[in-house]
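> Task: produce atomic coordinates for the following.
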Amino acid sequence: MPESRFIDLSHDVEAGMITYQGLPAPLVCDFLSREASRSHYAEGTEFLIGQIELVGNTGTYLDSPFHRFAGGTDLAGLPLASLADLETIVIDATNAGRAIDARAFPDAAEVRGKAVLVRTGWDRHWRTDAYFAGHPFLNADAAGQLVSAGAALVGIDSYNIDDTDDGRRPVHTSLLGADIPIVEHMTNLGAVPANGARFFAVPVKIRRFASFPVRAFVIVEGD
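Numbers count the residues shown, from 1 in each chain. I've put the predicted structure just below:
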């Protein structure tokens, strides 16, 4: 029987790292260290209880409709079927220019019900100053086409799926307005086949919360 292959599409979350300029870095520390825990347990027994403080938009994260719309579905309300075991299509937009338009995407028959992952190659700049300026993004026409085509989820390996110079954020507005979750700051999309993988990106189930880091990955069935 062919073996399945797992491909990780997430960046590590580390103390002090900056994902999005203007947002604080995560604090990762011990709440109860192994050394301090020894007084609570039998000799030779110790545990670590970690503590983390972060904004939802840290690392590779998923945006729910609540991120953009006060009445939108929050993280706790997202159905698992919209986040896990999704048939996947990878769009190679590495030569599409900075503003990725509708021409980069296939027709509705190839997109409907799938996780559409846009590979720009921008993840090569992760944790450098270059990551924050001049990033590739989708334009409004591309977002409209993905909505019309019935995409289930859209991900990108770039700093933002929108042009950060456009305060209207048309791509977030279109996709999240159509209940299509967004995953940003992905990585390693070049390792994923264009078709046939199954995508997973499940955040913690938090009520009245908009965005949260995910361990995004695909499963590829062996040959």
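
> Spatially central residue for this protein, please.
residue 183 (2.6 Å; C-alpha atoms, centre = their mean).

> can you give me how far the lowest-mean-pLDDT helix or strand in the chain is from the chain middle?
Every helix and strand of the chain was ranked by mean pLDDT, DSSP states H and E. The lowest is helix 108-111, at a mean of 93. Here the centre of helix 108-111 is set off from its chain's centre by 21 Å, with C-alpha atoms, centre = their mean, to the nearest Å.

> Report all helices and strands that whichever helix or strand comes after that helix contacts.
Once the chain leaves helix 108-111, the next helix or strand it forms, by DSSP states H and E, is strand 115-119. The helices and strands touching strand 115-119, judged by 3 or more C-beta pairs under 8 Å, 6 or more residues apart in numbering; DSSP states H and E, are strand 86-92, strand 153-156. (Each C-beta comes from the backbone N, C-alpha and C, glycine too.)

> most neighbours per residue, which of those strands?
strand 153-156 (a mean of 27; mean count of other C-beta atoms under 10 Å).

> mind saving the C-alpha coords of it as PDB?
The C-alpha coordinates for strand 153-156 follow below in PDB (Å, rounded to 0.1, in the frame of the first residue of the first chain):
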ATOM      1  CA  LEU A 153     -10.100  28.400   1.600                       C
ATOM      2  CA  VAL A 154      -7.300  30.500   0.100                       C
ATOM      3  CA  GLY A 155      -3.700  30.600   1.400                       C
ATOM      4  CA  ILE A 156      -0.600  32.500   0.400                       C
END
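
> which helices and strands does the next helix or strand along the chain from it pack with?
Later in the chain than strand 153-156, the nearest helix or strand by DSSP H and E is helix 170-177. Contact here means 3+ C-beta pairs under 8 Å, 6+ apart; on that basis helix 170-177 packs against helix 140-149, strand 182-184.
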